[in-house]
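Asks: sequence and predicted model, in that order:
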Amino acid sequence: MAVRTGKQFVDGLRDGREVWYGGRRIDDVTTFPPFAAAVRSMAMLYDLQHSIEHRDVLTVEAPELGGRIARAFEMPRTPVQLRLKRQAYSVWAEASCGMLGRSPDFMNVMLTALAAKQSFFTELAPERGEAVVAYQRHVARHDLFLTHALLDPQLDKGRLRHQQRDPGTPLRVVDRTRDGLIVHGIKRIATAAPYADEILVWPFPPTFQPGEDAYANVFAIPMATRGLKTICRPSFVPDRATVDHPLSARFDEMDATVVFDHVLVPWDRVFLHENIALLNRMYRDTRMRELTAHQTNARLEVKLGFLYAILVRLAEAMGVDKRPEIVELLGEAAVRVEVIRNTTRAAEEQAQVDADNGILYPDLYALQVGRALGPVYYPELLAMLKRLGGGGLVQLPVSMAEFDSPIAGDLERSLSGATISGRDKARLLKLVWDLVGTEFGARHELYEMNYAGERSALVAGIQREYGRRAYYVDYLDRFLQSY
Ligand SMILES: Cc1cc2nc3c(=O)[nH]c(=O)nc-3n(C[C@H](O)[C@H](O)[C@H](O)COP(=O)(O)OP(=O)(O)OC[C@H]3O[C@@H](n4cnc5c(N)ncnc54)[C@H](O)[C@@H]3O)c2cc1C
């Protein structure tokens with residue numbers, strides 16, 4: 001098997017997995033309306049890998065794996081490979097206006113980062129290092145789609161895991177057998193879990209304390225594993241047509257809680273277990289952030305660019321695009337797009353080869369700018385959309401079909417703009433409403449604020465790890481001594 005088509009992806013999901021929605025077990029996740037649109041969108045991404053226009057960017061020849069693989073699985077060793085990886089991320093992000101935060105490339109590159117640091121997992125035992133490399137090759141060869149679940153249930157943040165009222169609620173190892181680990185408990189929030197092929201589990205944040213060893217595990221299993229249950233949030237897919245909800249009708253990724261009921265994880269799928277010292281170093285020492293943030297920032301650039309373009313068209317439609325305060329507003333939006341755009345390029349420019357594995361890593365500090373500012377910029381751009389849209393956002397017809405009804409003339413007159421018909425302005429404003437007013441839009445704001453982890457911890461981490469600190473502080477000290 002090599003690079004999959006959309007159909008192959010969809011066919012692979014009819015595997016008896018246990019997915020629950022609204023208290024009901026779902027037989028076929030591919031046709032169930034709350035998931036069907038997202039499944040179709042993911043399938044569209046897989047099909048793009050075969051398009052003549054994008055094939056050479058989205059996929060790459062990997063003779064050691066017996067054929068072509070998706071670009072995200074490639075371990076970058078040259079600047080060209082790094083740039084092509086970013087271009088591949090952008091092509092997929094553009095296919096969904098940046099709305100699919102957990103497109104397959106995100107997890108594929110995360111897994112690739114782990115496999116690139118085999119030496120880290122070998123510290124526990126050679127078999128663990130071999131397992132993670134073999135698994136990455138398996139996923140690449142079969143072009144699988146992974147979800148991931150890092151967090152424990154929110155419970156009581158004032159207590160350690162083993163001190164919770166029920167220490168069995170967070171996921172932990174409850175037994176070890178000849179065949180593997182037996183794990184039991186709950187993880188969240190696994191976006192795309194109902195229609196992913198497999199799940200990668202590792203705990204976050206990396207702040208484990210003595211006594212929590214049973215909870216410090218990294219492993220991967222198929223979603224159809226016995227004892228693994230997926231419980232979904234309400235769907236944000238609207239009942240009405242795509243033209244009325246151009247984003248939520250297509251790109252609502254499901255978020256889920258995953259429950260493990262005495263699940264067997266075979267040893268060849270165990271990458272790290274019951275070791276808090278290693279677990280606490282994993283996030284940093286596997287350098288997964290460098291490779292994943294390269295993908296997430298490329299996607300965010302597409303999404304912010306999309307919002308910027310909507311702002312431009314909206315300002316034109318309303319005839320305010322030349323007003324100084326609106327030009328300034330658009331300039332503020334453009335600045336935000338450029339900052340995020342340049343995180344990936346600056347990271348590539350300052351990339352360095354790691355002597356441990358020969359991988360060319362994009363610069364962490366440049367990429368962290370995107371992870372720290374995305375949660376600020378995205379809500380800011382939403383606020384700009386609301387400011388520009390004003391009351392027009394609640395003046396929309398129930399359905400675009402009303403433009404073909406007896407009231408079409410009234411709608412045209414009430415909605416037409418400076419450079420735009422009433423029908424086209426309604427289309428534009430409906431797109432804006434999908435971003436700022438719907439449940440889908442609210443979820444996306446929450447996503448951008450949280451996908452890289454809780455922001456204050458992230459930003460404090462930047463200061464703690466800031467490798468250019470000495471350079472700047474030494475410069476200051478030399479200056480202070482110079483007079
Ligand atoms: C839409 C969406 C999709 C997601 N998808 C995924 C996914 O696919 N896979 C995945 O694993 N995760 C996913 N996440 C989870 C995401 O990583 C977390 O939401 C994020 O890390 C924040 O963690 P939390 O939700 O536990 O919030 P918390 O950490 O509980 O934070 C909530 C509040 O509590 C405060 N707080 C928490 N701890 C402390 C403390 N010790 N001291 C003081 N204040 C504290 C915080 O400041 C914050 O204000 C997703 C989240 C969202 C919203």
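Replies: Done, it's in.
Asks: pull the longest helix from this protein.
Replies: Across the chain, the longest stretch assigned as helix under DSSP state H is helix 288-317.
Asks: elements contacting that one?
Replies: Counting contacts by 3 or more C-beta pairs under 8 Å, 6 or more residues apart in numbering; DSSP states H and E, helix 288-317 is packed against helix 79-94, helix 104-116, helix 324-349, helix 364-389, helix 422-436. Placement of C-beta: from N, CA and C, glycine included.
Asks: can you give me the mean pLDDT across it?
Replies: Computed over helix 288-317, the mean pLDDT rounds to 98.
Asks: repeat for stretch 4-20
Replies: 97.
Asks: run the chain-centre distance for it.
Replies: The chain centre lies 20 Å from the centre of stretch 4-20; the measure is C-alpha atoms, centre = their mean, to the nearest Å.
Asks: end to end on stretch 380-399, go ahead and measure it.
Replies: Stretch 380-399 has an end-to-end distance of 28 Å (C-alpha to C-alpha, to the nearest Å).
Asks: try stretch 219-238
Replies: Between the start and the finish of stretch 219-238 there is a gap of 35 Å, counting by C-alpha to C-alpha.
Asks: near the ligand, anything from that stretch?
Replies: No - under the criterion of C-beta under 6 Å from any ligand atom, stretch 219-238 makes no contact with the ligand; the nearest approach is 9.0 Å.
Asks: for residue 134, what are its contacts?
Replies: Listed by C-beta atoms under 8 Å, 6 or more residues apart in numbering, the contact set of residue 134 reads residue 268.
Asks: report the angle between the helix or strand encompassing residue 443 and helix 364-389.
Replies: Counting by DSSP states H and E, the element that carries residue 443 is helix 439-450. Relative orientation of helix 439-450 and helix 364-389, computed by axes from the mean of the first three to the mean of the last three C-alpha atoms, to 10 degrees: 150 degrees.
Asks: name the residues that touch helix 439-450?
Replies: Counting contacts by C-beta under 8 Å, 6+ apart, the residues outside helix 439-450 that touch it are 99, 101, 234, 236, 238, 245, 247-248, 251-252, 255, 300, 303, 374-375, 378-379, 382, 433-435, 455.
Asks: same question, stretch 116-127
Replies: For stretch 116-127, the surrounding residues in contact (C-beta under 8 Å, 6+ apart) are 75, 114, 128-133, 267, 271-273, 275, 278, 281-282, 285-287, 291, 356-357, 359.
Asks: switch the helices and strands packed on helix 288-317 over to a markdown table; also include mean pLDDT.
Replies: Conversion of these to a markdown table gives the following (pLDDT from 0 to 100):
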| stretch | mean pLDDT |
| --- | --- |
| helix 79-94 | 98 |
| helix 104-116 | 98 |
| helix 324-349 | 98 |
| helix 364-389 | 98 |
| helix 422-436 | 97 |
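Asks: go through the ones you listed and pick out the most buried.
Replies: helix 104-116 (a mean of 25; mean count of other C-beta atoms under 10 Å).
Asks: can you give me phi and psi for residue 276?
Replies: Residue 276 adopts backbone torsions of phi -70, psi -30, taken as degrees, to the nearest 10.
Asks: scratch that, residue 20 is what I was asking about
Replies: phi -120, psi 130.
Asks: excluding covalently adjacent residues, which one is nearest to it?
Replies: Leaving aside its chain neighbours, residue 20 sits nearest to residue 231 (4.9 Å; criterion: C-beta to C-beta, 6 or more residues apart in numbering).
Asks: in its sheet, what does the helix or strand hosting the one you found sit against?
Replies: Here residue 231 is covered by strand 228-232, with elements defined by DSSP H and E. Sheet neighbours of strand 228-232, with direction, are listed as strand 18-21 (parallel), strand 256-266 (antiparallel) (DSSP bridges).
Asks: return the backbone torsion pair for residue 125.
Replies: With angles defined as degrees, to the nearest 10, residue 125 sits at phi -170, psi 150.
Asks: for it, give me the pLDDT.
Replies: Residue 125 is assigned a pLDDT of 98 by the prediction.
Asks: can you check residue 241 too?
Replies: At residue 241 the predicted local confidence, pLDDT, stands at 79.
Asks: quick one, phi psi at residue 421?
Replies: Per-residue torsions, residue 421: phi -70, psi 160 (degrees, to the nearest 10).
Asks: so the closest residue in space to residue 71 that isn't next to it in sequence versus residue 149, what's the distance?
Replies: Distance criterion C-beta to C-beta, 6+ apart; nearest residue to residue 71, sequence neighbours excluded, is residue 88 at 3.8 Å. The span separating residue 88 from residue 149 equals 25 Å under the rule C-beta to C-beta, to the nearest Å.
Asks: check residue 93 too.
Replies: Note on residue 93: its distance to residue 149, by C-beta to C-beta, is 23 Å.
Asks: still on that earlier bit, closest one to the ligand among the strands paired with strand 228-232?
Replies: Shortest distance between the ligand and those, using C-beta to the nearest ligand atom, is found for strand 256-266: 8.7 Å.
Asks: contacts for that closest one?
Replies: Residues from elsewhere that reach strand 256-266, judged by C-beta under 8 Å, 6+ apart: 19, 149, 153, 171, 174-175, 177, 179-191, 193-194, 199, 219, 221, 225-233.
Asks: which outside residues touch the next helix or strand after it?
Replies: Beyond strand 256-266 in the direction of the C-terminus, DSSP H and E gives the next helix or strand as strand 270-273. Outside of strand 270-273, the residues within contact range by C-beta under 8 Å, 6+ apart are 114, 121, 124, 128, 131-132, 135, 173, 180-181, 202, 216-220, 278-279, 282.
Asks: next, the angle from the longest helix of the chain to helix 104-116.
Replies: Angle, helix 288-317 to helix 104-116, by the same axes, to 10 degrees: 160 degrees.
Asks: next up, the contacts around residue 464.
Replies: Contacts of residue 464 were listed using C-beta under 8 Å, 6+ apart, and none were found.
Asks: relative to residue 370, how far out is it?
Replies: The gap separating residue 464 from residue 370 is 18 Å, by C-beta to C-beta.
Asks: for this protein, what lies in contact range of the ligand?
Replies: The interface of the chain toward the ligand, taken as C-beta under 6 Å from any ligand atom, is made up of 102, 148-151, 154, 157, 189-191, 255, 443, 446-447, 450-451, 453-454, 456.
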